[in-house]
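J.: Dropping the sequence and predicted coords here.
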Protein chains: 2
Amino acid sequence: MIIITVGNEILSGLIVDTNSAYIAAQCDAAGLKVRKIISVSDDADEIADALASSFSSPSPHCANVTLITGGLGPTNDDVTKIALARFFNCTETVVHRPSLENIEARFAARGIASNELNRQQAEVPACCTAILNRHGTAPGMWFERDAAIAVAMPGVPSEMKAMLPDVLNRLAGRFVLPNIVRRTMMVYGIPESTLAEMIAPWERMLPENMSLAYLPDVETGVKLRLSTTTDNKDSTAIDERFAALAPLLGDSVYGYAPDSLESVVGQRLAERNATLAVAESCTGGSVARRITSVPGCSAWFKGGIVAYSDEAKANLLGIDPRDLERFGAVSAEIAERMAIGVRRALNSDFAAATTGFAGPAGGTDENPVGTCFVAVAAAAAVNVVKYRFVADRATAVAAAAATALNRLRLFIN
Amino acid sequence: MIIITVGNEILSGLIVDTNSAYIAAQCDAAGLKVRKIISVSDDADEIADALASSFSSPSPHCANVTLITGGLGPTNDDVTKIALARFFNCTETVVHRPSLENIEARFAARGIASNELNRQQAEVPACCTAILNRHGTAPGMWFERDAAIAVAMPGVPSEMKAMLPDVLNRLAGRFVLPNIVRRTMMVYGIPESTLAEMIAPWERMLPENMSLAYLPDVETGVKLRLSTTTDNKDSTAIDERFAALAPLLGDSVYGYAPDSLESVVGQRLAERNATLAVAESCTGGSVARRITSVPGCSAWFKGGIVAYSDEAKANLLGIDPRDLERFGAVSAEIAERMAIGVRRALNSDFAAATTGFAGPAGGTDENPVGTCFVAVAAAAAVNVVKYRFVADRATAVAAAAATALNRLRLFIN
């Protein structure tokens, strides 16, 4: 199948097209393989061209379905309905009564009278089946020709999301869809290329009907996703493959999606009834932000100190100003003292600390821009590692924050 | 021109394709009109097909340029290079020396030996011009046939972003591009629909050759972008229109792109030789993170305290536990005390504080989920406002952080 998203604002880069990713994920999970995503402008010819290319190149492996979003609004620049009517040679229109009633009711609820432009949204080409829009005014439209199907949905994300399950249900009734099972292993601390070499022998042994996807990301590490088609929703075949892989990767495996480094740190702390505090210099709040993105984290997260100035390191973390002078704020010694200091200040069981040069300015010959010391501490031990993240400021900070979370994960044992 | 993004993870909805929006925006600003964006899987035939459709349907109004991202990684599933070599009938490969040196140097800097897979990334089809990747290992590749150009860039966003200016420069040398002048006014604190009504009379007076775009965003507020085509790079016509608009919007206007709320706060502090500290509960580090994203912020940012627990609020911010008991941690009184406390703890001139219920759990009848108190403080004054952000946890936190920065901006005067 093919997804077409319509809108000048997509082609001029004013907005990121999140609709296509949402639709693709839902289709993928339903066993509908997306072959291509096309974004075109609010131009009836461009829309019709995209449809034509979609209808003329059916894949033997895919249902010939095109899902379209956008261009259904009431104004002149919304021309998807015109393009569809033209493509399906359908000049006659009919009023979709449920949509007209819906439009009138929505306006009445807001105490405004609907106008002609609004009411026209209920008019659809006679050759399509209209789909009621429960979260807005523009109905969806289902077209068929030969064995091919095209469905237009509104571009407003909340309206599209409300309509999509209805569309997928109708599609499931028309095609024999495979049962897709997938699982994603989360790996941190092994560069993608090294990982590829390590798992190559395992990958070569994967059965034909199983596919592997790599997803490297600075915040999560590498995600390894296995997908397969089964007669039922049983994931045993995938579980067995991952069970064979896990020992090769050791403690670099931190879980399976939707686990995140921060959620795993939280689980480990909760299991031990232990608490955490963080002291951040170069990461500037990014570690705390990731931790506090976990709902319910207040059960185990005591808080953090963003010690950006030497003064903050001294006053809040109890670091001797002479040590700052002697070692420099970006040093293993200060990272250790920060972790110990925040653990004491917040009376937590575990602590992590970061100090480094995020750039673009700063750095020394010994510790150039990108250098970051990450320390972790508990009652009995403190432990520091020096890293270098060669990247722009935002990426270096994100990498340092992820590294701190990963080191915490490994340390809490 | 056409943008092709390559990756199974896009078609299965695993990731949102942000690269195409970024590239589209940069091209648009350079006067290169994007006609279509196509996302295809990591399949050499699909990539070649997309290229073929791009090369065979030049638009008379557009430069025949195809920009491709993705599929240049070192692993087996990265096949863009193969697809390009096939499309351009180029079987011979050469080693791009600067890229090989870059790869070796990057691995050496990390203390790891490069492997064969990494070194192979420096091999490019002989018929292309390689482009050095300053932020990663895979070089870009520039292909030409007749008057058509195809350029492949890495899919890692930071690597693509670092390479794109180089690519656009080369394109600017090859095509006569229109001079597009645009400027973006940054507005915070007026809902989009209210803003639309407020500026409607002004908008109707805009000349034919000038276009307005609205960009609402939870982190930045609404951006209002004016674009026009001129014979030179003179922005006077746009400046005059904004000068007429600014008085209508008052202090909701906080600057012009690339200004951000955090950069404006920093400018105001730097001008006054003043310093800032922040105390965060519900925003959990997001305010500090935005502040520390400003290069050079250590000149005016002393630090922050993420006081997630009552203990942190008491120990680090000096809040009387009885007050926490009496008012509740989510209250105007505690927000004020947090701002005053962090200002004192970090010895700063200004301070901001947030406390609220980010959700999904928590909240009271009086202060339901989404409630957030934002306080700002200086030596002579403290000032608190209650907000309600009806959204998911991540969006509510982002809105609260932006609001805190905006209140600081208005307070530092």
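T.: It's in.
J.: which residues of the stretch 51-200 of chain A fall in strands?
T.: Using DSSP state E, counting those that start in this stretch, the strands of the stretch 51-200 of chain A run over residues A:65-69, A:93-95, A:123-125, A:129-131, A:140-145, A:148-153, A:179-187.
J.: Helix or strand with the lowest mean pLDDT in chain A?
T.: helix A:116-120 (a mean of 83; mean pLDDT, DSSP states H and E).
J.: With chain B in mind, check whether it reaches it.
T.: No. Helix A:116-120 is not in contact with chain B by CB under 8 Å from any CB of the partner chain; minimum separation 16.0 Å. Any C-beta I mention is one placed from the backbone N, CA and C, and that applies to glycine too.
J.: now for that helix, which elements pack on it?
T.: Applying 3 or more CB pairs under 8 Å, 6 or more residues apart in numbering or on different chains; DSSP states H and E, one finds that helix A:116-120 contacts helix A:97-109.
J.: export the helix it packs on as CSV, just CAs?
T.: Written as CSV, here are the backbone C-alpha positions of helix A:97-109 (Å, rounded to 0.1, in the frame of the first residue of the first chain):
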residue,chain,number,x,y,z
ARG,A,97,-26.6,13.2,5.4
PRO,A,98,-24.8,12.0,8.6
SER,A,99,-21.9,14.3,7.8
LEU,A,100,-24.3,17.3,7.2
GLU,A,101,-26.0,16.6,10.5
ASN,A,102,-22.6,16.3,12.2
ILE,A,103,-21.5,19.6,10.7
GLU,A,104,-24.7,21.4,11.8
ALA,A,105,-24.5,19.9,15.3
ARG,A,106,-20.8,20.9,15.7
PHE,A,107,-21.5,24.5,14.8
ALA,A,108,-24.7,24.6,16.9
ALA,A,109,-22.6,23.3,19.9
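J.: Quick check: buried residues in it?
T.: The neighbour-count check on helix A:97-109 (16 or more other CB atoms under 10 Å in any protein chain shown) flags A:S99, A:L100, A:N102, A:I103, A:E104, A:R106, A:F107 as buried.
J.: The closest residue to the fifth one other than its chain neighbours: what's it in contact with?
T.: Distance criterion CB to CB, 6 or more residues apart in numbering or on different chains; nearest residue to A:E104, sequence neighbours excluded, is A:S114 at 5.8 Å. Taking CB atoms under 8 Å, 6 or more residues apart in numbering or on different chains as the criterion, A:S114 is in contact with A:I103, A:E104, A:R106, A:F107.
J.: which two in these are spaced the farthest apart?
T.: A:E104 and A:R106 (7.4 Å; CB to CB).
J.: What segments of the stretch 101-250 of chain A are helices?
T.: Using DSSP state H, counting those that start in this stretch, the helices of the stretch 101-250 of chain A run over A:116-120, A:157-172, A:192-204, A:236-249.
J.: Any buried residues in the shortest one, and which?
T.: By neighbour count, and taking 16+ other CB under 10 Å as the criterion, the buried residues in helix A:116-120 are A:N118, A:R119.
J.: Equivalent analysis for stretch A:166-179, please.
T.: Quick answer for stretch A:166-179 (16+ other CB under 10 Å): A:D166, A:V167, A:L168, A:L171, A:F175, A:L177.
J.: Alpha carbons of that stretch, as PDB, please.
T.: Extracted in PDB, the C-alpha atoms of stretch A:166-179 (Å, rounded to 0.1, in the frame of the first residue of the first chain):
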ATOM      1  CA  ASP A 166     -12.600   2.400  11.000                       C
ATOM      2  CA  VAL A 167     -10.600   2.400   7.800                       C
ATOM      3  CA  LEU A 168      -8.300  -0.400   8.900                       C
ATOM      4  CA  ASN A 169     -11.300  -2.500  10.000                       C
ATOM      5  CA  ARG A 170     -12.800  -2.200   6.600                       C
ATOM      6  CA  LEU A 171      -9.500  -3.100   4.900                       C
ATOM      7  CA  ALA A 172      -9.100  -6.100   7.200                       C
ATOM      8  CA  GLY A 173     -12.500  -7.300   5.900                       C
ATOM      9  CA  ARG A 174     -11.300  -7.100   2.400                       C
ATOM     10  CA  PHE A 175      -7.800  -8.600   2.400                       C
ATOM     11  CA  VAL A 176      -6.300 -11.700   4.000                       C
ATOM     12  CA  LEU A 177      -3.700 -10.000   6.200                       C
ATOM     13  CA  PRO A 178      -0.700 -11.800   7.700                       C
ATOM     14  CA  ASN A 179      -0.300 -12.000  11.400                       C
END
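J.: could you dump the buried residues of helix A:97-109 to CSV with pLDDT?
T.: Conversion of the buried residues of helix A:97-109 to CSV gives the following (pLDDT from 0 to 100):
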residue, pLDDT
A:S99, 95
A:L100, 95
A:N102, 93
A:I103, 90
A:E104, 90
A:R106, 85
A:F107, 83
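J.: Looking at those residues, which one is closest to A:G266?
T.: For these, the nearest to A:G266 is A:R106 (42.3 Å; CB to CB).
J.: Show me what from the stretch 51-200 of chain A comes close to chain B.
T.: Near chain B, when you scan the stretch 51-200 of chain A using CB under 8 Å from any CB, you find A:S53, A:P191, A:E192, A:S193, A:T194, A:A196, A:E197.
J.: What subset of these is buried?
T.: Applying 16+ other CB under 10 Å to those flags A:S53, A:P191, A:E192, A:S193, A:T194, A:A196, A:E197 as buried.
J.: re the thing from before, generate TSV for the residues of the stretch 51-200 of chain A next to chain B, with pLDDT and distance to A:G341 as supplementary columns.
T.: Formatted as TSV, these follow (pLDDT from 0 to 100; distance: CB to CB, whole Å):
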residue	pLDDT	distance to A:G341
A:S53	83	62
A:P191	85	32
A:E192	82	36
A:S193	80	38
A:T194	89	35
A:A196	89	40
A:E197	88	41
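J.: what's the closest of those to A:F143?
T.: Nearest to A:F143 among these, counting by CB to CB, is A:S53 at 16.0 Å.
J.: In contact with that closest one, which residues?
T.: Shown in contact with A:S53 (CB under 8 Å, 6+ apart): A:I38, B:S53.
J.: Now with 7 Å, please.
T.: Counting by CB atoms under 7 Å, 6 or more residues apart in numbering or on different chains, A:S53 makes contact with B:S53.
J.: mind checking how far it is from B:D49?
T.: 10 Å (CB to CB, to the nearest Å).
J.: Which segments of chain A make up each domain?
T.: Per the record, chain A has its domains at A:2-174, A:179-256, A:261-411, by automatic domain parsing.
J.: roughly how far is the last one from the heart of the chain?
T.: With CA atoms, centre = their mean, to the nearest Å as the basis, domain A:261-411 stands 25 Å off its chain's centre.
J.: Do me a favour and average the pLDDT over it.
T.: Averaging pLDDT along domain A:261-411 gives 96.
J.: May I see the buried residues of the helix or strand that contains A:A50?
T.: Element membership for A:A50 (DSSP states H and E) is helix A:44-56. Buried residues in helix A:44-56, counted by 16+ other CB under 10 Å: A:A44, A:E46, A:I47, A:A48, A:D49, A:A50, A:L51, A:S53, A:S54, A:F55.
J.: pull the CA atoms of that helix into PDB?
T.: Below are the C-alpha coordinates for helix A:44-56, written out as PDB (Å, rounded to 0.1, in the frame of the first residue of the first chain):
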ATOM      1  CA  ALA A  44      -5.100  18.600  -7.900                       C
ATOM      2  CA  ASP A  45      -2.800  17.500 -10.700                       C
ATOM      3  CA  GLU A  46       0.000  16.500  -8.300                       C
ATOM      4  CA  ILE A  47      -2.500  14.600  -6.200                       C
ATOM      5  CA  ALA A  48      -3.900  12.800  -9.200                       C
ATOM      6  CA  ASP A  49      -0.400  12.000 -10.500                       C
ATOM      7  CA  ALA A  50       0.500  10.500  -7.200                       C
ATOM      8  CA  LEU A  51      -2.700   8.400  -7.200                       C
ATOM      9  CA  ALA A  52      -2.000   7.300 -10.800                       C
ATOM     10  CA  SER A  53       1.500   6.100 -10.000                       C
ATOM     11  CA  SER A  54       0.000   4.300  -7.000                       C
ATOM     12  CA  PHE A  55      -2.700   2.600  -9.000                       C
ATOM     13  CA  SER A  56      -0.500   1.700 -11.900                       C
END
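J.: Many thanks, I have nothing further to ask.
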